[in-house]
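Enquirer: give me a 3D structure for the following:
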Amino acid sequence: MIRETATPQRRGHDAERTREEILSVAREIFAEKGLNGARVDEIAEATHTSKRMIYYYFGSKEGLYQAVLASSYAGIRRVESEAGLEDMEPMEALLHVVRGTIDYQAQNPGFARLVAVENIQRARFLTQIEGIREHNRPIIDVLSALIARGVGQGVFRTGLDPVDLHWLISSFAVFNVANDASFSFLFEQGTKREARHARHRQTAEDAVRRYCAA
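Expert: A predicted model of the protein is given here:
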């Protein structure tokens, strides 16, 4: 009887799939419990693997946490880079970024919680991730190009700063997720989540449009 032997390519695919599964589960647990509250045993059990395997891939609990941060930021940057903005009019392209950012944060609420945890720790682990600034630079380049086009066409006012604009868009997106439970309770926002999300997104679009318009 001939036994089938896994090829190096297949082993590589299996290893990458295992690594991505660990990252996915760890993202949920870190977002829910923070770095200090999360346990590697719990992550190993949820992924049907072992602590030894997790340490093999990521080195330590802190290494896994950093990998989760890096992959989470890469996710939203990937959404922004796939937009095809160069084929849109400047204002429509900008509002497309707003909608994409708002939707991504709403669909991935763990991201806002992860960022909140990291800010509580004064970005202690984020600053240790090699190349993290460069990997997050594209959104600023995208907004810079949009601003230049919009100003050139007389659609946007002069003096817009891409970092300030990114800050404005992100503040709407993150606040809606990070404060959803408390805000909904305190101010009796009893409407369905989908309806609230649509209203919040429209508010963000209106605010960004008025902020940028010539």
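Enquirer: run through the chain and note the low-pLDDT ranges.
Expert: Residues of the chain that meet the criterion pLDDT under 70 lie in 1-13, 82-83, 189-191.
Enquirer: quick one, what contacts the residue most central in space within the chain?
Expert: For the chain, the residue nearest the mean C-alpha position is I76 (4.0 Å; C-alpha atoms, centre = their mean). When contacts are counted by C-beta atoms under 8 Å, 6 or more residues apart in numbering, I76 touches 101, 104-105, 108, 111. All C-beta spots, glycine's among them, are computed from the backbone N, C-alpha and C.
Enquirer: relative to V115, how far out is it?
Expert: Relative to V115, I76 is positioned 10 Å away (C-beta to C-beta, to the nearest Å).
Enquirer: go on, E28?
Expert: From E28 to V115 the distance is 15 Å (C-beta to C-beta).
Enquirer: neighbour count for these two, which is higher?
Expert: More crowded of E28 and V115, by other C-beta atoms under 10 Å: V115, with 21 against 16.
Enquirer: OK, contacts around that one?
Expert: Neighbouring residues of V115 by C-beta under 8 Å, 6+ apart: V174.
Enquirer: next SSE after the strand or helix carrying it?
Expert: Element membership of V115 [criterion: DSSP states H and E] is helix 109-120. Counting by DSSP H and E, the next helix or strand C-terminal to helix 109-120 is helix 132-152.
Enquirer: give me the angle between the helix or strand that that next one is followed by and helix 132-152.
Expert: Where DSSP H and E defines the elements, the next helix or strand beyond helix 132-152 is helix 162-178. Inter-element angle recorded for helix 162-178 and helix 132-152: 110 degrees (by axes from the mean of the first three to the mean of the last three C-alpha atoms, to 10 degrees).
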